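Peer 1: Need coordinates for the following:
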Amino acid sequence: MDKRAKKAYEKAMNYYEKGKINKALELCEEALSEGLDNPLVLNFKGLLLYQKGNLNEAVTVWRINHKINNDAIAENYIRDSEMDEMRQDLYNEAEQALNQLKITKALELFMKCAESDFNSIDVNTKIALCYQKKGDFYRAKEYVDKALMIDGDAILAKSIYEELKQEGNYSNYKKSSKTFLAVIIGLVLALIIGVGGYSIIKFKNSNLTNNILADNTEESQNNEQKSEEDANNSKLVEPNDKVEGESKAQIGSTNLDKEKLKLMIGNNDFDGIYVQLKNIKQEEIKPEDNEIYKKAISLMKDAGISKFYEVGLKYFNQNNYSEAKDELDKAYTYCEGSSIKEHIWFYRASSYAKLSDANEAVSQFEKYYDKYPKGVYTQEALYELALLTNKSDKEKSKKYANMLINNFPNSIYVNDNIAAIARN
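Peer 2: Alright, predicted model coming up:
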């Protein structure tokens with residue numbers, strides 16, 4: 001790849017990271033104007049078209065790459081894309097159901113479409129729209145964010161975002177959802193430019209940048225080690241229900257620093273407030289400190305849990321389940337009486353499951369189901385319970401599988417695995 005093409009390719013990757021997919025495509029064209037002997041650029045262009053739902057154009061680009069450059073990755077993309085013609089029909093069926101206001105059916109079909117990254121902008125947007133119509137604004141937020149990460153100018157996604165924002169589903173505290181993306185793309189560019197190697201990009205059934213596979217260089221290993229150390233240093237507290245019963249000597253002072261707490265409230269330092277209040281009991285508060293204590297508690301029950309939930313969900317979507325659990329544990333501490341308690345509870349349980357803490361996951365999912373037998377995530381909870389208990393308690397697993405089948409016969413979670421558990 002010559003200098004001009006390489007520069008255009010770098011800029012294209014940068015624009016994609018910023019959610020400017022159309023600008024990224026323009027720069028791919030600029031890079032390819034220097035010649036079609038650029039397999040990385042051709043594959044990248046094909047993937048961008050693929051995410052936009054332009055299947056025929058994407059396949060054409062990959063065929064050119066395979067023919068001219070004998071590129072094996074492009075050949076794999078072509079083979080894998082055969083299933084996407086069926087997904088296009090599924091998407092059309094889902095849109096028809098949505099137009100007829102058959103929201104549950106439409107959502108189930110769109111979720112099947114989401115098993116691939118084909119047409120992911122429109123698919124994630126329509127899933128967000130379905131959840132919005134069902135009144136599940138936090139799941140709507142989750143999927144509209146996914147769409148806007150790819151195309152920040154998507155008209156319908158932006159409209160849904162603004163409506164959700166007016167409903168108060170976006171807190172003032174907002175970290176960039178592209179931080180993780182930037183790190184991965186930076187590593188890929190370093191490998192391409194510095195090593196001159198051939199990066200393998202696997203795209204199907206997962207986020208584009210989370211599935212970039214490349215040989216690790218010493219520099220990338222050092223960066224990862226430093227990131228891990230920074231992450232460890234940033235952990236201020238352990239999950240709340242894991243420290244119950246520990247002595248005060250183990251978990252720190254129970255004294256409330258009034259002036260420090262005032263400063264934290266003024267700065268919306270939710271993590272700092274969480275640490276300050278963690279070991280404080282209201283009956284231990286001095287009369288002169290009671291007002292500031294109540295103010296801190298009120299802030300945590302409002303903006304605090306929204307922030308912790310938002311960050312926890314971000315980590316969860318990035319497959320960083322340990323950090324997600326830590327943030328969701330914080331949110332759970334103050335979520336009693338909150339409209340988002342159900343969402344916090346479900347994702348907290350899911351984080352335990354992803355971390356292979358089956359016992360705690362089962363406990364949390366069972367408590368969730370007891371509290372919300374007709375909740376937003378009831379189907380998912382029964383599904384997880386059936387799978388998580390299948391090895392340890394066959395009868396319990398069968399019970400949950402049958403509950404899912406009997407109560408939600410048309411659920412997308414009633415699959416071959418659940419049917420097999422119910423039969424056995």
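Peer 1: Tell me how this protein divides into domains.
Peer 2: 3-80+178-213, 83-166, 286-423 (automatic domain parsing).
Peer 1: Pull up the distance across the longest one, start to finish.
Peer 2: Distance between the boundary residues of domain 286-423 (C-alpha to C-alpha, to the nearest Å) amounts to 61 Å.
Peer 1: ok now that domain, how far from the chain's centre?
Peer 2: Taking C-alpha atoms, centre = their mean, to the nearest Å, the mean C-alpha location of domain 286-423 is offset from the chain mean by 15 Å.
Peer 1: Return the alpha-carbon coordinates of stretch 321-340 using PDB.
Peer 2: Output of stretch 321-340 as PDB, limited to C-alpha atoms (Å, rounded to 0.1, in the frame of the first residue of the first chain):
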ATOM      1  CA  TYR A 321     -18.300  -8.200  32.500                       C
ATOM      2  CA  SER A 322     -16.200  -7.800  35.600                       C
ATOM      3  CA  GLU A 323     -16.300  -4.000  35.300                       C
ATOM      4  CA  ALA A 324     -19.900  -4.200  34.300                       C
ATOM      5  CA  LYS A 325     -20.700  -6.100  37.500                       C
ATOM      6  CA  ASP A 326     -18.800  -3.600  39.700                       C
ATOM      7  CA  GLU A 327     -20.800  -0.700  38.200                       C
ATOM      8  CA  LEU A 328     -24.100  -2.500  38.400                       C
ATOM      9  CA  ASP A 329     -23.400  -3.500  42.000                       C
ATOM     10  CA  LYS A 330     -23.100   0.200  42.800                       C
ATOM     11  CA  ALA A 331     -26.300   1.000  41.000                       C
ATOM     12  CA  TYR A 332     -28.100  -1.800  42.800                       C
ATOM     13  CA  THR A 333     -27.200  -0.400  46.200                       C
ATOM     14  CA  TYR A 334     -29.400   2.700  45.600                       C
ATOM     15  CA  CYS A 335     -32.000   1.400  43.200                       C
ATOM     16  CA  GLU A 336     -34.800   0.600  45.500                       C
ATOM     17  CA  GLY A 337     -37.900   2.400  44.300                       C
ATOM     18  CA  SER A 338     -36.300   3.400  41.000                       C
ATOM     19  CA  SER A 339     -37.900   2.800  37.700                       C
ATOM     20  CA  ILE A 340     -34.700   1.300  36.400                       C
END
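Peer 1: Any buried residues in that stretch, and which?
Peer 2: 321, 323-335, 338, 340 (16 or more other C-beta atoms under 10 Å). In short, each C-beta sits where N, CA and C put it, glycine included.
Peer 1: again with stretch 89-107
Peer 2: 90, 91, 93, 94, 97, 98, 103, 105, 106, 107.
Peer 1: mind showing which ranges of the chain have poor pLDDT?
Peer 2: Residue ranges of the chain with pLDDT under 70: 1, 168-254.
Peer 1: ranges for the strands of it?
Peer 2: For the chain, the strands defined by DSSP state E occupy 200-201, 212-213.
Peer 1: Enumerate every residue touching the residue sitting nearest the centre point of the chain.
Peer 2: Nearest to the mean C-alpha position of the chain, by C-alpha atoms, centre = their mean, lies residue 317 at 1.7 Å. Taking C-beta atoms under 8 Å, 6 or more residues apart in numbering, we find residue 317 in contact with 142, 145, 146.
Peer 1: Of these, select the buried ones using a ChimeraX command.
Peer 2: Remark: buried members of the contacts of residue 317, expressed as a ChimeraX selection using 16+ other C-beta under 10 Å:
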select :142,145,146
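Peer 1: JSON lines for the contacts of residue 317, including distance to residue 261?
Peer 2: Listed next are the contacts of residue 317 as JSON lines, based on distance: C-beta to C-beta, whole Å:
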{"residue": "142", "distance to residue 261": "32"}
{"residue": "145", "distance to residue 261": "32"}
{"residue": "146", "distance to residue 261": "37"}
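Peer 1: Closest one to residue 72 out of the contacts of residue 317, please.
Peer 2: Each of the contacts of residue 317 was scored against residue 72 by C-beta to C-beta, and residue 146 proved nearest at 29.1 Å.
Peer 1: Can you name the residues that contact the closest one?
Peer 2: So residue 146 contacts 120, 124, 317 (C-beta under 8 Å, 6+ apart).
Peer 1: and if you look at residue 377?
Peer 2: Residue 377 touches 342, 343, 346, 368, counting by C-beta under 8 Å, 6+ apart.
Peer 1: can you list those in TSV and add distance to residue 279?
Peer 2: Shown next, in TSV, are the contacts of residue 377 (distance: C-beta to C-beta, whole Å):
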residue	distance to residue 279
342	28
343	27
346	28
368	27
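Peer 1: What is the most widely separated pair among those residues?
Peer 2: So, those by C-beta to C-beta: farthest apart are 343 and 368, at 10.5 Å.
Peer 1: gap between the residue nearest to residue 417 when sequence neighbours are not counted and residue 137?
Peer 2: Distances taken as C-beta to C-beta, 6 or more residues apart in numbering put residue 387 closest to residue 417, at 6.9 Å, once the chain neighbours are dropped. Using C-beta to C-beta, to the nearest Å, residue 387 is found at 28 Å from residue 137.
Peer 1: swap in residue 282?
Peer 2: 32 Å.
Peer 1: Comparing the two, which residue is more hemmed in?
Peer 2: Per other C-beta atoms under 10 Å, whichever of residue 282 and residue 137 has more neighbours is residue 137, with 21 against 10.
Peer 1: still on that earlier bit, now render the contacts of residue 146 as a markdown table, adding distance to residue 295.
Peer 2: A markdown table is the format used below for the contacts of residue 146 (distance: C-beta to C-beta, whole Å):
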| residue | distance to residue 295 |
| --- | --- |
| 120 | 43 |
| 124 | 39 |
| 317 | 32 |
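Peer 1: The residues you listed in helices, which ones?
Peer 2: 120, 124, 317 (DSSP state H).
Peer 1: now, among these, which is nearest to residue 28?
Peer 2: residue 120 (17.8 Å).
Peer 1: Leaving out chain neighbours, which residue sits closest to the closest one?
Peer 2: residue 51 (5.0 Å).
Peer 1: The contacts of residue 377, buried ones only, as a PyMOL selection?
Peer 2: Here is the PyMOL command that picks out the buried ones among those, judged by 16+ other C-beta under 10 Å:
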select buried, resi 342+343+346+368
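Peer 1: Could you let me know which of the contacts of residue 377 ends up closest to residue 274?
Peer 2: Of the contacts of residue 377, the one sitting nearest to residue 274 (C-beta to C-beta) turns out to be residue 343, at 18.9 Å.
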